[in-house]
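>>> Provide a 3D model corresponding to the input given below.
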Amino acid sequence: MPSPSEQEPLLRHSQPESSRRLSQDHHLTMAAAEDNPVPNGGGSAVSNIGPDEARRILRRIDWRIMPLLFLTYTFNFMDKTILSSASVFGLREDTHLEGSNYSWVSSVFYFGYFLWAYPTTLLVARLPIGKYLAANTFVWGAVVALTAACSNFGGLITVRFFLGIAEATISPALMFITSTWYTRDEIPVRTGIWFAGNSVGGIISSLLAYGIGHISDNIHPWRWMFIILGVATFLLGFGILFLLPDTISGTKFLTPEERQWAGDRVVIAGTGRTENATWKWVQMRECLQDPKTWLIWSVALLCQIPNGGTQNFANLVIKSFGFTSLESTLINIPYSIISVIAISGTGWIAGRFRSMNCILVGLVVIPPVVGSALIGSRSSIPHGVSLFGYFLLSTGPSALPLLLSLVQSNFRGVTKKMTMTALLFIAYCTGNIIGPQLFISSEEPTYNTAFRAIMICYALVICLIAILRVYLQLVNKRRQREEGIQGSAGASGAVGGGKVVDIADTRNMAETVNEVQLRPEDYEDTTDWNSFGFRYRL
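Residues are numbered from 1 along each chain as shown. Now for the predicted structure:
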C-alpha cells in the first residue's frame, strides 16, 4: 500500500486554460521565493524553520493541545454514560423509574444536544474558542453534580436535557481546534487520540463505579458517581481556561516566528486559516448541495443508532448474562480497551494512507454486525458466546472519529465545515435518541428488537460508505481531468501564486513552508469546491 509520499509527489505542472487565471499574474516558483524573500501573508518575514525545529514545534503544539482535548473528551464520555453504571446501583429504584422512563432519561440528553448543536457551531467559529469551551465545561460540570439531587423522573429528565445542551459544544469545538492547528495528514491521527478519550473514559468510569459501588450510606453509590464526576469536570474547566489558546496568532507558548510558521503550514497543508472568519451563507448553501454531505450524514446516523442504545443499556445487558452489578462494571473494561486500540489504530492508518478512511469505516463495523447477530441468538447459544458477541460491538464506536476526520480533511471553508459539523452532530443526536427506544422494556433482558436493529444499521453503513468512497474517487478523477493536474489530498489546494504542492513528511513540510511565498489572498476563506488542486481523502 503506497504511503502519501509515494502516492502524490510534489507537483510541478502547467494548468489548463480554465484554471490558468490562478497563476496568470504571479508566476512565483519556490526557487524564486528563496531568491527574493518577502513577508509571508503580508506580515513580517519568517526565519527558515529546519526539519528538526519543525518537529520540535509540532511536539510543543501536541503537548499543549492534545492532553486538554483528550481529557475533555474523556470527561465528556464519562459524564454522559455514567448513567448506565448508575442504573444498576439504585438510580432506577430511588427515582421511581418505571416502564420506558429509563429509555427517555437516556434519550432526552440528545434532545438538548440536538437543540444546541447548530447554534453552538456558529459560536465556536466566532467566539474565542478556549474561553467558550471553558465556560461550557463549567456549566457541564455543575449540571452533572446536580444530577445527584434528583429524586424523580421529572428531575432526571430536566438535568439530562441541560447536560445535552452543555455538552453539545464539546465535539464541534474539538473538531474546530484540530483543523485549526493541524494539517490534513495529521488530522486523522490527532482526532483518533482525543476521541480515544471516549474509551479511556469508559475504563475509568467502570473502575470508578466499581469502587463507589462498595459504598453503603444514605447518599447511595449512584449519587456519589455524579457528585465526583461533576466536581472533577468543573475543575477541568480551569485548565482549559488558562492553558488552551484561542488562536495560533495569540498563543503564548510559541515565539512570533513559530506562530507564523504554525499558521502558514495549515494554510499550505491543512484546510485553511480559521481566524477572523465571517459567516458566509453561500458556503452554507454549498454544504447543503454537496452530495458527500448527505452520504456522511447518513452513515453517521446509522452508526449512532446502535451507539445510543449500547451506551446506556450496556450494564443491564451484561447483568442479564448472569453477572452481578459490580461485575458488570468490570466487564466493560476489556470492551473499552478494545475500543481504544481500534480508535487509535484506525486513526493512525487513516493519517498515514490517504485512501484508507472509508475502507476503515467499513472494516470496523463488520465485527458489530457479527456481534449483534450472536446476541440476538442468545436463547440458543451459551452466555459465553453472547458475551463474546458483546465484545465484538466494541469496534463500532471507532467509525465516528473516522467520519469526523473525513469532515475535517475534506470540507474546506470555515462556514461550510461548521455547517457540516452541525449536521453531523444532528445525525449523532437523532441516532442516539432513536437507539435507546429500540431497547423495549417488555423485552428485557434479551432486547431482541434492539440487536436486530443494530445488525441492520451496521450492515447499511458498509453499503453507504462504499458508495461514498466511489463518489469521492469519481470527483477526484473529474477534477483531475478538468484541471489537467493530479492534485493533492495532503495539501489545501493552490497557494503561493497558484502553485499546488504536496506534503509528504515533516522534512517536506519544513522545506515547503519556507519556500512557498504566501500572500494575503492565500489566507482567504475558500471552500473545497473552489480550491484548485484540492483532492478528497478516500
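
>>> so after the helix or strand of the chain with the lowest mean pLDDT, what's the next helix or strand?
The helix or strand of the chain with the poorest confidence is helix 30-35; it has a mean of 34 (mean pLDDT, DSSP states H and E). Taking DSSP states H and E as the definition, the helix or strand that follows helix 30-35 towards the C-terminus is helix 51-87.

>>> Flag every buried residue along that next one.
By neighbour count on 16 or more other C-beta atoms under 10 Å, the buried set for helix 51-87 is 54, 57-58, 61, 64-66, 68-87. Just so you know, the C-beta spots here come from the backbone N, C-alpha and C atoms, and that holds for glycine as well.

>>> Which is the succeeding secondary structure element to that helix?
Once helix 51-87 ends, the next helix or strand along the chain (criterion: DSSP H and E) is helix 91-94.

>>> CA atoms of that following helix as CSV?
Extracted C-alpha coordinates of helix 91-94, given in CSV (Å, rounded to 0.1, in the frame of the first residue of the first chain):
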residue,chain,number,x,y,z
LEU,A,91,-30.8,5.1,40.4
ARG,A,92,-33.9,3.5,38.8
GLU,A,93,-35.3,2.5,42.2
ASP,A,94,-34.5,5.7,44.1
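
>>> now the strands for the stretch 201-350 of the chain?
For the stretch 201-350 of the chain, no strands are identified by DSSP state E, counting those that start in this stretch.

>>> What confidence value was assigned to Ala117?
Here, the pLDDT recorded for Ala117 equals 90.

>>> give me the low-pLDDT residue ranges for the stretch 401-538 of the chain?
497, 503-508 (pLDDT under 70).

>>> try 90
429, 431-451, 483-526, 530-533 (pLDDT under 90).

>>> wait, doesn't Ser398 sit right on Ile338?
No. Counting by C-beta atoms under 8 Å, Ser398 stays clear of Ile338, with 9.5 Å between them.

>>> Who has more neighbours out of the two?
Per other C-beta atoms under 10 Å, whichever of Ser398 and Ile338 has more neighbours is Ser398, with 29 against 19.

>>> who's in contact with the more buried one?
Contact partners of Ser398, counting by C-beta atoms under 8 Å, 6 or more residues apart in numbering, are 339, 342-343, 346, 364.

>>> Closest to Ser386 out of these?
Sorting those by how near they are to Ser386, with C-beta to C-beta, puts Ser339 at the top with 18.9 Å.

>>> what's the pLDDT at that closest one?
Confidence at Ser339, expressed as pLDDT, is 90.

>>> Tell me the spacing between it and Pro221.
Ser339 is 25 Å from Pro221, where distance means C-beta to C-beta, to the nearest Å.

>>> Looking at the two, which has the bigger crowd around it?
Between Ser339 and Pro221, counted using other C-beta under 10 Å, the more crowded position is Ser339 (25 against 22).

>>> Not counting sequence-adjacent ones, nearest residue to that one?
Leaving aside its sequence neighbours, Ser339 sits nearest to Ser199 (C-beta to C-beta, 6 or more residues apart in numbering; 3.6 Å).

>>> can you check Val299 too?
In space, Val299 comes closest to Leu464 once its chain neighbours are excluded; the distance is 5.1 Å by C-beta to C-beta, 6+ apart.

>>> just checking, the one you found is part of a helix?
Yes. Inclusion of Leu464 in a helix is indicated when DSSP: H, G, I helix; E, B strand; the rest coil is applied.

>>> Touching, it and Leu295? I think so.
Yes. The criterion here is C-beta under 8 Å, and Leu464 meets it with Leu295 at 6.2 Å.

>>> among the contacts of Ser398, which one has the lowest pLDDT?
When those are sorted by pLDDT, the bottom entry is Ser339 at 90.

>>> mind listing what that one touches?
196, 198-199, 202, 394-395, 397-398.

>>> For whichever strand or helix holds Ala135, name the packing helices and strands.
Here Ala135 is covered by helix 129-146, with elements defined by DSSP H and E. Counting contacts by 3 or more C-beta pairs under 8 Å, 6 or more residues apart in numbering; DSSP states H and E, helix 129-146 packs against helix 51-87, helix 153-167, helix 170-181, helix 221-243.

>>> Make sure Ile467 is actually in contact with Leu295.
Yes. Using C-beta under 8 Å, Ile467 makes contact with Leu295 at a distance of 6.4 Å.

>>> And the two? Which one has more around it.
Set side by side, Ile467 and Leu295 show unequal neighbour counts under other C-beta under 10 Å, the larger going to Leu295 at 19 against 14.

>>> these two touch, right, the more buried one and Val470?
No. Assessed by C-beta under 8 Å, Leu295 is found out of contact with Val470, at 10.1 Å.

>>> coming back round to it: mind checking which of the helices and strands packed on helix 129-146 is nearest Gln408?
Relative to Gln408, the nearest member of those by C-beta to C-beta is helix 170-181, separated by 4.5 Å.

>>> Determine how far the closest one lies from the middle of the whole chain.
Helix 170-181 has its average C-alpha position 8 Å from the chain's average C-alpha position, going by C-alpha atoms, centre = their mean, to the nearest Å.

>>> for it, packing partners?
So helix 170-181, by 3+ C-beta pairs under 8 Å, 6+ apart, packs with helix 51-87, helix 101-126, helix 129-146, helix 187-195, helix 256-269, helix 399-410, helix 414-437.

>>> what's the closest of the ones you listed to Ser380?
Minimum separation from Ser380 across the helices and strands packed on helix 170-181 (C-beta to C-beta) falls at helix 414-437, 25.2 Å.

>>> Alpha carbons of that closest one, in PDB - could you do that?
Coordinates of the C-alpha atoms in helix 414-437 are reproduced here as PDB (Å, rounded to 0.1, in the frame of the first residue of the first chain):
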ATOM      1  CA  VAL A 414     -15.000  27.700   7.800                       C
ATOM      2  CA  THR A 415     -18.800  28.100   7.200                       C
ATOM      3  CA  LYS A 416     -19.000  25.000   5.100                       C
ATOM      4  CA  LYS A 417     -17.100  22.900   7.600                       C
ATOM      5  CA  MET A 418     -19.000  24.200  10.600                       C
ATOM      6  CA  THR A 419     -22.300  23.600   8.800                       C
ATOM      7  CA  MET A 420     -21.300  20.000   8.100                       C
ATOM      8  CA  THR A 421     -20.200  19.700  11.700                       C
ATOM      9  CA  ALA A 422     -23.600  20.800  12.900                       C
ATOM     10  CA  LEU A 423     -25.300  18.400  10.500                       C
ATOM     11  CA  LEU A 424     -23.000  15.600  11.600                       C
ATOM     12  CA  PHE A 425     -24.000  16.100  15.300                       C
ATOM     13  CA  ILE A 426     -27.600  16.500  14.400                       C
ATOM     14  CA  ALA A 427     -27.300  13.000  13.000                       C
ATOM     15  CA  TYR A 428     -25.400  12.000  16.100                       C
ATOM     16  CA  CYS A 429     -28.300  13.200  18.300                       C
ATOM     17  CA  THR A 430     -31.000  11.700  16.200                       C
ATOM     18  CA  GLY A 431     -29.300   8.300  16.200                       C
ATOM     19  CA  ASN A 432     -28.800   8.400  20.000                       C
ATOM     20  CA  ILE A 433     -32.400   9.400  20.500                       C
ATOM     21  CA  ILE A 434     -33.700   6.500  18.500                       C
ATOM     22  CA  GLY A 435     -31.200   3.900  19.900                       C
ATOM     23  CA  PRO A 436     -32.500   3.700  23.500                       C
ATOM     24  CA  GLN A 437     -36.100   3.400  22.300                       C
END
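
>>> just to confirm, which helix or strand has the closest residue to Leu295 other than its chain neighbours in it?
With sequence-adjacent residues excluded and distances taken as C-beta to C-beta, 6+ apart, Leu295 is closest to Leu468, at 4.3 Å. Assigned by DSSP H and E, Leu468 belongs to helix 448-483.
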